[in-house]
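J.: okay, structure incoming, though there's no sequence with it:
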């Protein structure tokens, strides 16, 4: 089992550019979560999917953020246009069933300059 | 109501000592309380978890104490080792239907040799 796979590991982009973060959950897990981690705000839940369907996107900061899960093995988080305050580590996590034993990916460190 | 408050923000312990991290919550609907350990550059990893019908759970050197009436729970690390130096997050599950976890702000633990 390769765990939750995120790409890229690091992303540096200029303000105004579009950024796409990718996540492959663990096979068989039916819940997927996107979190953002910063020193100031800790781990914030952005959005989560259950069986590929977005359940709660109330944590998405604003319309510049969007997430999709076209199938059970792939999800994307897109920021368009990006801003310096979006700089953070973005984690994807998946779980089987009702949230027991989240498995996190290694994260994508995003820097917007 | 949806918050989980964690303290202290940082902790320094001598090798062999006991590390104690505390968390408090308000929402009595929370029904699952995991602790996660995060090393630099990695995603959080599940360490130990407890349900509110149990007052204590022990796994090796790690123990969760749970006080349902006070709505508090804590992580105790016995015989703390330098390898335990990491950031620790408590969390609470908000709904059994979706598995959404609410995380505390995190505690950075440093164990001095």
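T.: Now that the structure is in, tell me what you want to look at. Because the structure is a prediction, the values reported are computed rather than measured.

J.: which ones are touching residue B:110?
T.: B:10, B:11, B:12, B:13, B:85 (Cβ atoms under 8 Å, 6 or more residues apart in numbering or on different chains). For every residue, glycine as well, the C-beta is placed using N, CA and C.

J.: tell me the residue of chain B that sits nearest chain A?
T.: Here chain B gets closest to chain A at one residue, residue B:99, 2.3 Å apart by Cβ to the nearest Cβ.

J.: so which strand or helix has that residue?
T.: Counting by DSSP states H and E, there is no helix or strand that carries residue B:99.

J.: count the neighbours of it for me.
T.: When counting by other Cβ atoms under 10 Å in any protein chain shown, one arrives at 24 neighbours for residue B:99.

J.: I'd say it and residue A:31 touch.
T.: Yes - using Cβ atoms under 8 Å, residue B:99 is in contact with residue A:31, at 5.1 Å.

J.: pull the contacting residues for residue B:76.
T.: B:18, B:19, B:20, B:62, B:63, B:64, B:65.

J.: show me what it bridges to in the sheet.
T.: residue B:20, residue B:63 (DSSP bridges).

J.: where does pLDDT dip in the chain?
T.: Let's take chain A. For chain A, applying pLDDT under 70 flags the ranges A:1, A:97-99.

J.: my bad, chain B
T.: B:1-2, B:95-98.

J.: for residue B:74, give me its contacts.
T.: Neighbour list for residue B:74: B:20, B:21, B:22, B:23, B:64, B:65 [criterion: Cβ under 8 Å, 6+ apart].

J.: neighbour-wise, which of the residues you listed leads?
T.: With neighbours taken as other Cβ under 10 Å, the top of the contacts of residue B:74 is residue B:23, carrying 26 neighbours.

J.: quick one on the thing from earlier: tabulate the contacts of residue B:76 (a markdown table), appending distance to residue A:23.
T.: Supplementary listing: the contacts of residue B:76 in a markdown table, determined by distance: Cβ to Cβ, whole Å:
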| residue | distance to residue A:23 |
| --- | --- |
| B:18 | 37 |
| B:19 | 32 |
| B:20 | 34 |
| B:62 | 29 |
| B:63 | 33 |
| B:64 | 29 |
| B:65 | 34 |
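
J.: neighbours of residue A:71, how many?
T.: For residue A:71, the neighbour count with other Cβ under 10 Å is 8.

J.: for it, which non-adjacent residue is spatially closest?
T.: Counting by Cβ to Cβ, 6 or more residues apart in numbering or on different chains, residue A:71 lies nearest to residue A:52, which is 6.5 Å off, once chain neighbours are set aside.

J.: Three-state assignment for the residue sitting nearest the centre point of chain A, please.
T.: Centroid-nearest residue in chain A: residue A:34, 3.4 Å away (criterion: Cα atoms, centre = their mean). Secondary structure for residue A:34, judged by DSSP: H, G, I helix; E, B strand; the rest coil, is strand.

J.: wait, doesn't it sit right on residue A:78?
T.: No - if you go by Cβ under 8 Å, residue A:34 and residue A:78 don't touch, sitting 10.8 Å apart.
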